[in-house]
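Student: I'd like to go over a predicted model; first the sequence, then the structure.
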Amino acid sequence: MLPPTTIAAALRSSAPFPGGPTFDLLCQAIANAVVSWLPTGVTLVGVTTGVMGAGTVTGTLSFMSTPATVLAAMAGTFRGQTAPQLATVISVGLNTGLMGLTYTGVSVGVATGTDVSHVVSANPTALAQVLRSVHSGLCAIQRGTGAQAAGFYEALAAGISTVVLTGMTIPPGVVAPSGPAGAYPGVGTSTSVPV
């Protein structure tokens, strides 16, 4: 798993504004929450090709979101003058900060070969709960309470989930045998989670 400090730094450096202590705290909260949520809140599926059998898949992900899609995802619960800037931070920062995120899973039908996976589900409801808890906890250290705007964490979670849903394998992942490999070429499927 990528370290939260890497993700937080990418978020901070993508801001189209100077930032400050509360923004730094928010970036760290987003990074901590995302790292905590990814293994249980995100699922990938893929196509495996190679030699028949069963195997394990590993690979790395790239993300290609845009600020416009993140802003649209957040619009249901978060609007205002700062919304476009926050959408830029989330899109650009997470595209950069999550680059190289690894995944692992199982291959059915192929024991050895390549895997091409993409994210098929991301649970924004679970992420919103983690964001609220992590951000409130970090703010409490400085005698704060976290965000008071209704729907703020839900908007962040919707935007972050939109970024994560663009995740795909680039370059192809690897399938390694988990048992005997067959003698013929095969095509199969994989199911994975970020690690």
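Tutor: That came through fine.
Student: So which bits of stretch 180-193 are buried?
Tutor: By neighbour count on 16 or more other Cβ atoms under 10 Å, the buried set for stretch 180-193 is 181-182, 186, 188-190, 192. (C-beta placed from N, C-alpha, C; glycine too.)
Student: could I get the residues you listed as JSON lines with pLDDT?
Tutor: JSON lines is the format used below for those (pLDDT from 0 to 100):
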{"residue": "181", "pLDDT": "89"}
{"residue": "182", "pLDDT": "89"}
{"residue": "186", "pLDDT": "95"}
{"residue": "188", "pLDDT": "98"}
{"residue": "189", "pLDDT": "98"}
{"residue": "190", "pLDDT": "98"}
{"residue": "192", "pLDDT": "98"}
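Student: Of these, which is the nearest to residue 84?
Tutor: residue 192 (33.3 Å; Cβ to Cβ).
Student: What separation do you get for that closest one and residue 117?
Tutor: Distance from residue 192 to residue 117, counting by Cβ to Cβ, to the nearest Å: 6 Å.
Student: Please identify every residue contacting each of those two.
Tutor: Between them, residue 192 and residue 117 share these contacting residues under Cβ atoms under 8 Å, 6 or more residues apart in numbering: 44-46, 57, 59, 103, 105.
Student: quick one: contacts for residue 121?
Tutor: By Cβ under 8 Å, 6+ apart, residue 121 lies in contact with 42-43.
Student: residue ranges of the strands in this structure, please?
Tutor: 42-62, 101-122, 168-169, 173-177, 185-194 (DSSP state E).
Student: With distance to residue 157 added, can I get those strands in TSV?
Tutor: Output for these, formatted as TSV (distance: least, Cβ to Cβ, whole Å):
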stretch	distance to residue 157
strand 42-62	12
strand 101-122	9
strand 168-169	21
strand 173-177	27
strand 185-194	16
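Student: and the longest helix for the protein?
Tutor: helix 21-41 (DSSP state H).
Student: Show me what that one is packed up against.
Tutor: helix 4-13, helix 83-97, helix 124-141, helix 152-164, strand 185-194 (3 or more Cβ pairs under 8 Å, 6 or more residues apart in numbering; DSSP states H and E).
Student: Out of the ones you listed, which gets nearest to residue 177?
Tutor: That would be strand 185-194 among these, by Cβ to Cβ, at 11.9 Å.
Student: could you list every residue that touches the residue nearest to the spatial centre of the chain?
Tutor: In the chain, the centroid-proximal residue (Cα atoms, centre = their mean) is residue 164; its distance is 4.0 Å. When contacts are counted by Cβ under 8 Å, 6+ apart, residue 164 touches 38, 42, 63, 94, 98, 119, 122.
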